[in-house]
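Chemist: would you be able to build a 3D model of this:
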Amino acid sequence: MSNIEHARFWEGRETPNYFHPAVCNTADGKLMMTLQLHSGVSDTYGDPEFTISQDGGVSWPSPEPITALETIRVSETTAEAVSDIRPVYHPLTKSVLVTGVVAFYSEDKCVTADKDFDANRYRQCPVYAVYRSDGTWSKKRKLLPESFLKDSFDWRTACAQVLVLPDGDLILPIYFKPNQAKLYSVCTVRCSFDGEEMAIKEVGPMLSTDAGRGFLEPSVIDKSGTFYLTIRAEDNKGYWAESSDGLNWVNLKPWKWDNGDELKTSTTQQHWLKIQDKLYLVYTREDKSNKDVIRWRAPLFMAEVDLEENCLLRETEQIVLPLEFRDGEPNLMGNFNVFNMSETTSIVTDAPTWFKIVKGERVEDDYLDDVRTDVWIATIKSP
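Modeler: As a prediction, the model looks like this:
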């Protein structure tokens with residue numbers, strides 16, 4: 001079993017309520033964390049920020065704004081923001097690519113349109129900025145391929161585990177609504193990247209389901225020449241598929257245990273870890289300890305993936321980040337990130353959130369003083 005060490009930063013009500021923490025390395029061997037303030041309203045966040053650890057993640061200075069990704073006003077009633085950001089180091093250009101999605105806020109709530117909203121000019125799409133090796137940031141850029149937009153909308157990469165290929169190209173997992181459909185589908189896109197700009201080279205076929213809102217928030221990884229995609233769904237399952245090129249996916253199936261039982265998870269992300277040439281999944285699931293936790297959003301688990309038998313090995317399961325109660329309320333997790341630091345060490349980050357809960361529902365109004373988040377970091381080392 002792996003050794004898991006925990007650290008906590010910016011705890012409680014007395015410090016900013018950060019959310020979406022994610023870590024990667026930088027060109028000079030340091031660690032970068034990106035994160036955003038939690039506004040207290042669902043899916044509404046502050047401007048992206050970043051901080052760089054000089055000591056391998058032992059300590060983190062106070063975060064600073066990523067000015068390229070600051071919110072801008074696009075109409076009298078609507079602001080264009082950036083949310084769900086994740087960083088990835090790009091070795092060939094010695095830069096950090098920070099990807100996210102354009103979001104629109106009106107009256108401090110997330111919206112898709114209003115009476116002054118120009119959907120053709122202002123639309124949800126992938127967005128990115130680059131942290132260069134000299135410590136400067138590029139401007140914000142959007143990924144808007146016209147050929148793709150003709151057949152889809154609400155196109156986003158959010159909380160995604162992006163894959164950097166040896167030749168410098170990227171495999172970007174996305175989800176979107178095809179042909180004005182009501183449900184989301186997923187696919188992957190291969191992009192070039194020159195250290196400043198991304199360009200789409202190829203878009204793979206989509207994967208779809210008719211349950212809930214469809215397929216959401218995919219993440220990708222490669223191992224021994226094969227690519228793997230894991231997908232959030234809304235039928236109490238998570239799904240995964242494999243590919244020889246990172247674009248064309250086959251053998252779509254729900255996650256199962258080695259005894260044949262399905263992994264029961266509720267509309268939450270999963271991400272990949274690689275430790276000592278073994279592949280692991282990080283996820284949330286139903287458990288006797290979390291029957292009163294919304295969507296079983298804590299604790300956060302990991303288990304080894306058996307790629308020959310296409311299952312998770314139950315005996316390898318460990319708790320990565322724990323379930324914890326404060327003032328009688330459980331922490332909610334699931335918007336987490338992973339960073340495979342080396343062959344023997346990986347990092348999982350999340351910002352557990354304690355909300356005021358009334359009759360099983362999260363309170364949305366007048367509860368800003370009650371929301372609390374911490375930034376938690378789990379460092380996972382092979383035995």
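
Chemist: so which residue is dead centre in this structure?
Modeler: For the chain, the residue lying nearest the average C-alpha position, counting by CA atoms, centre = their mean, turns out to be residue 159 (2.0 Å).

Chemist: so that one, which of the three states?
Modeler: Using DSSP: H, G, I helix; E, B strand; the rest coil, the three-state assignment for residue 159 comes out as coil.

Chemist: same question, residue 97
Modeler: Relying on three-state DSSP, one would call residue 97 strand.

Chemist: residue boundaries of the strands in the stretch 151-300 of the chain?
Modeler: Counting by DSSP state E, counting those that start in this stretch, the stretch 151-300 of the chain has strands at residues 152-156, 163-164, 170-178, 185-193, 198-203, 216-223, 226-232, 238-243, 249-254, 271-275, 278-283, 300-306.

Chemist: save those strands as JSON lines, and put in mean pLDDT, mean neighbour count and distance to residue 35 too.
Modeler: Where C-beta positions appear, they are placed from N, C-alpha and C, glycine not excepted. Conversion of those to JSON lines gives the following (pLDDT from 0 to 100; neighbours: other CB atoms under 10 Å; distance: least, CB to CB, whole Å):
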{"stretch": "strand 152-156", "mean pLDDT": "78", "mean neighbour count": "20", "distance to residue 35": "19"}
{"stretch": "strand 163-164", "mean pLDDT": "98", "mean neighbour count": "20", "distance to residue 35": "21"}
{"stretch": "strand 170-178", "mean pLDDT": "93", "mean neighbour count": "23", "distance to residue 35": "21"}
{"stretch": "strand 185-193", "mean pLDDT": "96", "mean neighbour count": "22", "distance to residue 35": "23"}
{"stretch": "strand 198-203", "mean pLDDT": "93", "mean neighbour count": "16", "distance to residue 35": "22"}
{"stretch": "strand 216-223", "mean pLDDT": "97", "mean neighbour count": "22", "distance to residue 35": "18"}
{"stretch": "strand 226-232", "mean pLDDT": "98", "mean neighbour count": "23", "distance to residue 35": "21"}
{"stretch": "strand 238-243", "mean pLDDT": "98", "mean neighbour count": "20", "distance to residue 35": "25"}
{"stretch": "strand 249-254", "mean pLDDT": "98", "mean neighbour count": "14", "distance to residue 35": "31"}
{"stretch": "strand 271-275", "mean pLDDT": "96", "mean neighbour count": "21", "distance to residue 35": "17"}
{"stretch": "strand 278-283", "mean pLDDT": "97", "mean neighbour count": "22", "distance to residue 35": "18"}
{"stretch": "strand 300-306", "mean pLDDT": "98", "mean neighbour count": "22", "distance to residue 35": "17"}
